[in-house]
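Participant: can you look at this prediction? I've put the sequence above it.
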Amino acid sequence: MVVLADRGFFSYELWCQARQTEAELVWRISDNVDVPVLEWLPDGSYRAELLPKNMKSDLKRGRRRSVPDEARIAVRVVEYMVTNRGGKAETIRLITSIMDHELAPAAELAALYRQRWEFELTLDEVETHQMPHHRLLRSKTPELVRQEIWALLLTHYAVRDLMLEAAEDMDADDGLDVDELSFVRSLNAVRRQVTNQAGFSPSPVEESDSRDD
């Protein structure tokens with residue numbers, strides 16, 4: 001298993017806990033995390049190591065001369081540039097527990113991390129575009145809240161499935177990826193076809209009603 005994470009999740013302690021699961025990790029780290037180059041590798045990545053924050057601080061202040069070997073965590077670092085939506089260049093820095101650059105080349109890890117962002121886009125599609133602007137569920141009981149969440153997810157799946165079908169119906173020579181289609185436009189097209197939308201909040205089913213059914 002390979003576990004990916006955004007830069008807001010990294011810490012030495014959390015990395016250690018995640019590695020105890022025996023999963024391989026590919027995490028983005030922020031610019032203020034110091035990972036000195038120990039050895040450059042043929043694919044452009046480099047070997048480095050993670051140290052506990054307090055030990056690293058003591059080394060810089062001269063309070064400590066060395067760090068125990070068991071506290072050093074070997075990692076591999078992958079750095080690359082991307083251009084964001086504003087046209088500004090941004091450096092992405094990943095650390096991974098996969099030390100073999102031939103097994104997982106830097107370019108493949110960069111492409112893998114890019115795919116992780118599709119999950120962020122999925123959350124945006126559900127939270128920002130499917131849900132009302134106030135982003136509140138209408139249900140008032142735990143059971144119905146779960147039901148409403150499932151309804152949101154199923155609706156998202158249905159719209160995405162429709163988009164896939166539309167992409168596959170197009171000329172194969174166009175090389176159109178379903179990711180290039182607009183979810184918002186697709187959702188609006190579906191909404192225009194639904195003329196009888198529910199205008200009331202879900203209500204709990206009475207026991208007597210369920211017995212009658």
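Facilitator: Ah, there it is. Numbering: from 1, shown residues only.

Participant: give me phi/psi at the closest residue to Glu49 other than its chain neighbours?
Facilitator: In this structure, Glu49 finds its nearest non-sequential neighbour in Arg72, 4.8 Å apart by C-beta to C-beta, 6 or more residues apart in numbering. C-beta: built from backbone N, CA, C; applies to glycine. Dihedral angles of Arg72 (phi, psi; degrees, to the nearest 10) stand at phi -90, psi 130.

Participant: Arg72 reaches Ala48, doesn't it?
Facilitator: No. Judged on C-beta atoms under 8 Å, Arg72 makes no contact with Ala48 at a distance of 10.2 Å.

Participant: Asn32: what secondary structure?
Facilitator: Following DSSP: H, G, I helix; E, B strand; the rest coil, the label given to Asn32 is coil.

Participant: that one - how many residues pack around it?
Facilitator: 6 (other C-beta atoms under 10 Å).

Participant: for it, what are phi and psi?
Facilitator: phi -80, psi 0.

Participant: how much space between it and Gln193?
Facilitator: Applying C-beta to C-beta, to the nearest Å, the value for Asn32 to Gln193 is 50 Å.

Participant: residues touching the nearest residue to Asp6 once chain neighbours are set aside, list them.
Facilitator: Leaving aside its sequence neighbours, Asp6 sits nearest to Arg28 (C-beta to C-beta, 6+ apart; 5.7 Å). By C-beta atoms under 8 Å, 6 or more residues apart in numbering, Arg28 lies in contact with 5-7, 10, 92-94, 113.

Participant: tell me the SS of the nearest residue to Pro36 once chain neighbours are set aside?
Facilitator: Closest residue to Pro36 apart from its sequence neighbours, by C-beta to C-beta, 6+ apart: Ala48 at 6.2 Å. Here Ala48 is recorded as strand under three-state DSSP.

Participant: could you verify my assumption that Ala48 touches Leu41?
Facilitator: No. The criterion here is C-beta under 8 Å, and Ala48 misses it with Leu41 at 10.8 Å.

Participant: find residues that contact each of these two.
Facilitator: Joint contacts of Ala48 and Leu41 (C-beta under 8 Å, 6+ apart) are Arg76.

Participant: in a strand, Glu90, correct?
Facilitator: Yes. Assessed with three-state DSSP, Glu90 lies in a strand.

Participant: now do the contacts for it.
Facilitator: 81-84.

Participant: in helices, which of those residues appear?
Facilitator: Counting by DSSP state H, these place none of their members in helices.

Participant: can I get these in a markdown table including neighbour count and pLDDT?
Facilitator: Formatted as a markdown table, the contacts of Glu90 follow (neighbours: other C-beta atoms under 10 Å; pLDDT from 0 to 100):
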| residue | neighbour count | pLDDT |
| --- | --- | --- |
| Met81 | 8 | 91 |
| Val82 | 12 | 86 |
| Thr83 | 9 | 83 |
| Asn84 | 8 | 73 |
